[in-house]
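Peer 1: could you look at this predicted model? Sequence included:
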Amino acid sequence: MKIALISHNKKKKDIIEFARQYRAFLEQHDLFATGTTGRMIMEQTDLPIHAFKSGPLGGDQEIGAKVAGGEIDMVIFFRDPLTAQPHEPDINALLRLCDVYEIPLATNKNTAALLIIGSCTKGEGLC
């Protein structure tokens, strides 16, 4: 499975913690991320991640293009709903593409955990 990991600045700590918690699952899949998020997760977990540009510099759009091209199977995007984002149109476009192409999308830890648990195969020790 190809999984995109994205987080706003105030949620970086949360997504790193999440990646640590679900490392056994994530390491079995191809991981993609926006630039800063990907770099930080790699530094803290040693998970291999293909990092695109930072979100505000086009990374959200790069992942959106992968979604539209059928190259992403799941998006985990820890959003900060309390802080205005200057690239909000790019974020909304990515969320819209996930809906259009029916890509599972989690915007918080609990939903992301449910997506991962629901993706696990019994007996394979992936979770």
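Peer 2: Ah, there it is.
Peer 1: after the longest helix seen in the chain, next one along is what?
Peer 2: Counting residues, the longest helix found in the chain (DSSP state H) is helix 88-100. Per DSSP states H and E, helix 88-100 leads on to strand 105-106 as the next helix or strand towards the C-terminus.
Peer 1: so where is this protein shaky, pLDDT-wise?
Peer 2: 121-127 (pLDDT under 70).
Peer 1: what about the strands in it?
Peer 2: Listed in chain order, the strands of the chain (DSSP state E) span 2-7, 30-33, 49-51, 74-78, 105-106.
Peer 1: could I get these as a markdown table with distance to Pro89 and mean neighbour count?
Peer 2: All C-beta spots, glycine's among them, are computed from the backbone N, C-alpha and C. As requested, these are exported to a markdown table (distance: least, CB to CB, whole Å; neighbours: other CB atoms under 10 Å):
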| stretch | distance to Pro89 | mean neighbour count |
| --- | --- | --- |
| strand 2-7 | 15 | 25 |
| strand 30-33 | 20 | 22 |
| strand 49-51 | 22 | 18 |
| strand 74-78 | 15 | 24 |
| strand 105-106 | 17 | 20 |
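Peer 1: can you add distance to Asn92 and give those back as JSON lines?
Peer 2: As requested, those are exported to JSON lines (distance: least, CB to CB, whole Å):
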{"stretch": "strand 2-7", "distance to Asn92": "13"}
{"stretch": "strand 30-33", "distance to Asn92": "19"}
{"stretch": "strand 49-51", "distance to Asn92": "22"}
{"stretch": "strand 74-78", "distance to Asn92": "12"}
{"stretch": "strand 105-106", "distance to Asn92": "12"}
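Peer 1: please report how far Tyr22 lies from Leu82.
Peer 2: Applying CB to CB, to the nearest Å, the value for Tyr22 to Leu82 is 25 Å.
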